[in-house]
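A.B. asks: A structural model of the following input is requested.
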Amino acid sequence: MTNDIQGNTLEDSEQNEHMARVLVTTTYSSDSIILAITRLSIERVYMLIDKKPDETQKETIDSINKTFGSIVEIKEKKIELYDFVDVAKTTINLLDDISQKDEIYVNITPGKKTQALGVLYGCYARPKYIKKIFYVPEGTKDIITLPILHFDISDTQKEVLDNIEKIDTPAALADEVETSKAMLYRNIKDLSDRGFIECKNEGGYKLTDAGKIARL
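C.D. replies: Residues are numbered from 1 along each chain as shown. Have a look, this model is predicted:
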């Protein structure tokens, strides 16, 4: 009973009052997905699917549906293949739409590395929503729990990320984010040291991919 999610709106059935165990997973081979569904007693699965899935991925989708479709709610969400910023945005939107009463488990084992990174970064943007992020090493049945990190940026730093590419002068940027120039420079240095912004060749700053995700 697979349903493709259109936009950011999920069906009313997903807003159940009782807590559900939810699996969000990249999708290619099926082994880690089957392991997670059975071992974690998953009730709902969101399979992150390439926009143009190849035959292996199609076979995995069919296999998961045939094996679990009658007992587990299975949905698909299309994601980019190599644009990990877009994957992170898609993951964030999905996490925002899942009921916060649910326990969310995230599997980054199958699929491209760019997709795994995007999903991981999406989780870092919404760390409080996640119960566990895990990886299953190839050829094993070991579920390796990964740390649930977060970007840890202040409200002021988020405003800096939102505006640093749009406002040229430090004085105007300080006014926009309602802080002193001295504090602005401290925030810019901290954001730069942590890899969220970088200097442009022609002067000024630009967001890195990490910075684009951290402000979401």
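A.B. asks: any chance you could map the strands in the chain?
C.D. replies: Along the chain, the segments classed as strands by DSSP state E run 2-4, 21-26, 44-50, 73-79, 103-107, 130-135, 144-146, 197-199, 205-207.
A.B. asks: Next, the angle strand 44-50 makes with the fourth one.
C.D. replies: Here the directions of strand 73-79 and strand 44-50 differ by 30 degrees (axes from the mean of the first three to the mean of the last three Cα atoms, to 10 degrees).
A.B. asks: Model confidence for the residue nearest the centre of the chain, exactly?
C.D. replies: Most central in the chain under Cα atoms, centre = their mean is G122, positioned 2.3 Å from the mean C-alpha point. For G122, the pLDDT comes out at 97.
A.B. asks: Not counting stretch 132-152 itself, show me its contacts.
C.D. replies: The set of residues external to stretch 132-152 that reach it, using Cβ atoms under 8 Å, 6 or more residues apart in numbering, is 31-32, 35-36, 39, 105-109, 120, 123-125, 127, 130, 196, 210, 213-214. Placement of C-beta: from N, CA and C, glycine included.
A.B. asks: which parts of that stretch are buried?
C.D. replies: I133, F134, Y135, V136, I143, I148, F151 (16 or more other Cβ atoms under 10 Å).
A.B. asks: How far off centre is it?
C.D. replies: In terms of Cα atoms, centre = their mean, to the nearest Å, the centre of stretch 132-152 is set 14 Å apart from its chain centre.
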